[in-house]
Every structure is written in structure tokens, then in C-alpha cells.
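Engineer: sequence first, then the predicted structure, then my questions.
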Amino acid sequence: MSDLRADRISVAFAGLRALSEVDLKVTSGQIVGLIGPNGAGKTTLVNVMTGFQPATSGSVRLDGQDLTGLKPHELRRRGVARTFQGGRLFRDLAVIDNLEVTGVGLGLSRAAAIARAEAMLDWVGIAPLANRIAGALPYTDERRVAIGRALMGNPAFVLLDEPAAGMSAVEARDLSALIRRIAGTMGCGVLLIEHNVGLVLDLCHHVVVLDSGVVIEAGDPATIRASEKVRHAYMGTAADTNLPVLEAMA
Amino acid sequence: MGSLLQVLFDALSLGSLYALGALGIALIFGVMRLVNFAHGDVIAACVFALLWPSVDAVAIIFAGNLPWYLLVPFVLAIGAALSVACEALVFRRFRRANPATMMIASFALGFVIRYFLLMLFSSRPKSISLLPALSQPVEILGARIPLLQLITIAVTMAVLFGLTAFLRRTRFGLEMRAAAENFTMARMLGVRANRVIMGAFALSGALAAAIALILGSQTGTANIMMGASVMLMAFIATVIGGMGSLAGAVLAGFLLGAVATVMQVILPPDARAFRDAFVYGAVILVLIFRPQGLLSARGTRERV
């Protein structure tokens, strides 16, 4: 049993506080949701936890070991991987090449990287797309490639940044099943950032709600559903866009 | 039929030269966003690597006397080494600089190389006889084609196939393609950035050396300015091809070669002196209708 922790993470950009003393913990096999209105600091937290951005203060720890300040590929080799909003694939490369280059970057030999990439494409359910050019895929498939790429190093933890954005209800359900398998079958700890609050409440064991860089609520989905603070945070911003969120909470 | 074939071979061999030059520029642009204007001077330096330094009018041949199977690898190695040295000594310091700064640095480096050659060899063009057997004509369907032209075309094709295979089938090639599209992301995923950039410079330098061998044999002279005209056309080819797109650079190189050769034939004799002006005019037309180039590289549109 492994755990990945963010301890009292603060990030300030030019005097603006993006995150203030944020704590978060994910353990193996657990799906933790990270929700909050736009600009709450969700992606900033993921950036800090995966080495893409330095924290002003606080630390990131894997099983108690301090990982703060490590570079993204070093964190990957230690088992902390992520996806990006919109996939960020190498769009000119074939799907399999996208995974292979990641494997090679993790230190695998080329043959091992290819074998692993093939197995991974099969696992995420897109084996027939192996030789398609990544930039030509529909975005639901693109997301799966991105998830496959993140899982190449057999990570202990994977941080998914809005994997369901723009998906229909049916597509989101397929994605949920995949995320459950990542946590259940692989035993991977998953941190899920999502605007689709319904999906998060349905899928996650534990949910953390950020607003303006501060954790305003944390707990199991029932706690979040019942929380006045969360309701208020979403109501406080543009109410129209948050209507689906409030419906999901009802 | 014979003269048509002659035009075709002229176009292909001129296009080959431009394509090889454009490829050398596009490779580096792909991984570093650097337009390397020193490339032409690397070409010239490779030609002069065949001679002993002297300011006499008569060239003192040194490596130029080697048999071809030693000469070719020697010159390719010189080109690769010089290009890698440019990266290690100069461009590495500019990795984080903006593209305009890097471009200006490349101009400066080009001048340094050129004036270094000037010091060692003087600015007078020297006559050299490089691989003289290649100027023999070969008769094909009534056209007399210089053997060198055939070899130029064949070598370019071999280089293109070899490079494609290298980029598609090797680990290094895979890393290079990923880095060319999105260097930051490739680096984040653990791609060995320094090795990829060094490799791109080595390949680019070897391509410059190949051009040097062809130009040296074709013209029979060594001239410190000899890389400049190829460099200009090659740069234009990379722009038309879509900066950073290797296939685009090659395609546009051949296209430019074809346009220049055809203009040479169809323009009235009085206008032939202005052939290049017509070629550049055609370039302007292409860029008006396709400002992103014929095949635009993905990496220039989206960056992390």
C-alpha cells in the first residue's frame, strides 16, 4: 500500500495566490476526485504534484519520501504519471509511437517499449488504432491514448486532468469503467480532476473541493453532496454554467 | 525527347541539391526552432577540408586525393563534427533564447566560419579536380547526362530513403520525431534532449558535407562563398515546405529545382539572367496562397 501526498502546498504567481496550504492524499487503488469552479487551482495542484511547476512552499511525498523539486520524467520513473487537458499527444506520430516514445523515455529498450505499448493499447481498448496518426483520432480515442501513455511506466499513481471534457453521457460511462479498472485491476491510485461532477461523485471514494486555491470541503461523495459550502462555491460563480453541477449534487 | 530528358535530369539534380540543403535546415529547425544560417558556411568548410591551408592561387590538394571510399566518409565526418561543434560551442548557449536571437547567432557563426576560411585560404576561388571520373557523360535515350548528375540524384534518393528509415525504425529517430513536434513535452516524457539535438546537428552536418562533395565535383572550384547560394534556396525551400516539416522541405527543394530549370528553358534569352527573380516571384505567390507552407509541421502550430 502506497500513498502520494501533497502537504500544505502553496503556489503564488506574482503576488496572486493560486493555492494556499492545500493538503491532499491518494492511496493505492483509491480514486480521489478533485473538483471546483474554474480557476480554483486544480490543474496547478496537479502540475505541482507531477513536477511541472514548483511550489512556493509545501512538499510532495511518495510513501513519506520527499519528491518536491523532481523533474516530471524523474517523477514518472518513480511511479507518478499524469495526463493533460486535451490529451497533448504527439499529433504527427502514430498512436503506438506516442506510447513507445514514452516507454523509451522511461528507460525501456525499444523492443520492450513496443511490447508494452501494444499490451497497453489492448488494455485501454484501442488496439486496432495502433497505426493511426494520433492527430486524426476522435477525441474520445485521443483521451484513451493519453491515458495509455500515462500508464506506460506501470505507475503507482496517475493524475487525470479532465479526461471526460466534452464527452457525451455514454462516452463518459465508458471512460468511468476504464478509470475503475485502473484503480481496481491495476491497483493504481487515481487523482481525477473533472468538471463533470456527476461522474466524480459516482466514481470517487474521496472528493476534495477547491475554491480560489483553498480546500473548502473534503470527504466521501455523500458528504460533498450534502455540503452547503460546495453548493455555495458553485452558486457563487456564474450560476448558469454550474446548473448541471447542482443537479448532479441533488 | 533527348532534350526533354536533359531538362528532367537537370531539374532533378538541381532539386536534389536544394532538397539536401533544405533537409539539413529543417532537421535543426524541427528540434530547436533555430534557422541555421551558418549551414551554407559549413558546406563551404567541407569543401575546403579537402585542401591544405594556403593563400596561393593554386590549391594544394590534401584529402581530395584520397580514393572515393575514404574521401566520402572523411568529408561526411568533417561536416558532422563541425556541425556538432557549432552546437556544443555556440547554439547550446542559446537553447532558451528566442528564435530571432538564435538566428542572429547563426549569422554571426556563419561569418566566423567564413572569415576563418578566408584567413586560411584567401578569398580567391581555387580550382580543384574532385573525382574527375564523374564528369564523363552517359548516354540515355539520346540524351547525354553527366555521370555526376545521375550519382547526385541516386545519392539524394538513397539519403532520403535512408533518413526516412532511420526516423521511422530507430529509437533515435522516434525520439527525434517526437522532439521535433513538441520538444518540451518530449523532454518531460524523458526523451534525451541533448542527444537528440546533437544527433540532428550531426545529420545536418553530414548533409552539408554531401552537398559540398556534389558542388565541389560539379563546379571544380573551392570558393568560400559557395555554400551561400545553396543555403538561400534551401532556406526558401524549408519555408515553402512548412518550417520543420522534413517531407515538405524535400518536396519544396525539388519543386524549386524544377521551377529554376524550367525557367532557364522557357524564359527568353534576355530574361534568363533574371531567372532567380522569377523563381522568387513564384515563391511569393506560393506564400500568399499558403502562408503556412505546403506541408506545415504540427509542432509550429501548437506548443506546450
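Structural biologist: Received it, and whenever you're ready, just let me know what you need.

Engineer: if I look at whichever residue of the stretch 151-300 of chain B sits closest to chain A, how far off is A:Gly51?
Structural biologist: In the stretch 151-300 of chain B, the residue that lies nearest chain A is B:Gly190 (2.8 Å; C-beta to the nearest C-beta). All C-beta atoms are positioned from the backbone trio N, CA, C, and that covers glycine. In this view, B:Gly190 and A:Gly51 are 12 Å apart by C-beta to C-beta, to the nearest Å.

Engineer: next one: B:Leu20
Structural biologist: 40 Å.

Engineer: wait, B:Met176 touches B:Leu167, no?
Structural biologist: Yes - using C-beta atoms under 8 Å, B:Met176 is in contact with B:Leu167, at 6.4 Å.

Engineer: strands along chain B, start to end?
Structural biologist: B:126-127, B:137-140, B:143-146, B:221-222 (DSSP state E).

Engineer: so which of those comes closest to chain A?
Structural biologist: The nearest among the strands of chain B, by C-beta to the nearest C-beta, is strand B:143-146 at 37.2 Å.

Engineer: which strands and helices lie in contact with that closest one?
Structural biologist: Packing partners of strand B:143-146 (3 or more C-beta pairs under 8 Å, 6 or more residues apart in numbering or on different chains; DSSP states H and E): helix B:2-32, strand B:137-140.

Engineer: outside of stretch A:124-144 itself, list whatever touches it.
Structural biologist: A:83, A:87, A:89-96, A:98, A:117-118, A:121, A:145, A:147-148, A:151, A:163-164, A:166-167, A:171, A:174-175, A:178, B:298 (C-beta atoms under 8 Å, 6 or more residues apart in numbering or on different chains).

Engineer: pull the distance from it to the chain's centre.
Structural biologist: Its chain's C-alpha centre and that of stretch A:124-144 lie 19 Å apart, by C-alpha atoms, centre = their mean, to the nearest Å.

Engineer: dump that stretch to PDB, restricted to CA.
Structural biologist: Output in PDB follows, covering the C-alpha atoms of stretch A:124-144 (Å, rounded to 0.1, in the frame of the first residue of the first chain):
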ATOM      1  CA  VAL A 124      -7.300   0.500 -22.700                       C
ATOM      2  CA  GLY A 125      -9.300  -0.900 -25.600                       C
ATOM      3  CA  ILE A 126      -7.900   0.800 -28.700                       C
ATOM      4  CA  ALA A 127      -5.500  -1.900 -30.100                       C
ATOM      5  CA  PRO A 128      -7.000  -1.600 -33.600                       C
ATOM      6  CA  LEU A 129      -5.900   2.100 -33.700                       C
ATOM      7  CA  ALA A 130      -2.200   1.400 -33.100                       C
ATOM      8  CA  ASN A 131      -1.000   2.600 -36.500                       C
ATOM      9  CA  ARG A 132      -3.400   5.600 -36.900                       C
ATOM     10  CA  ILE A 133      -1.900   9.100 -36.800                       C
ATOM     11  CA  ALA A 134      -2.800  10.500 -33.300                       C
ATOM     12  CA  GLY A 135      -3.900  13.900 -34.600                       C
ATOM     13  CA  ALA A 136      -6.600  12.300 -36.700                       C
ATOM     14  CA  LEU A 137      -8.400  10.500 -33.900                       C
ATOM     15  CA  PRO A 138     -11.700  11.500 -32.500                       C
ATOM     16  CA  TYR A 139     -11.100  13.000 -29.000                       C
ATOM     17  CA  THR A 140     -12.700  10.100 -27.100                       C
ATOM     18  CA  ASP A 141     -10.000   7.800 -28.600                       C
ATOM     19  CA  GLU A 142      -7.400  10.500 -28.100                       C
ATOM     20  CA  ARG A 143      -8.100  10.500 -24.400                       C
ATOM     21  CA  ARG A 144      -7.600   6.800 -24.200                       C
END
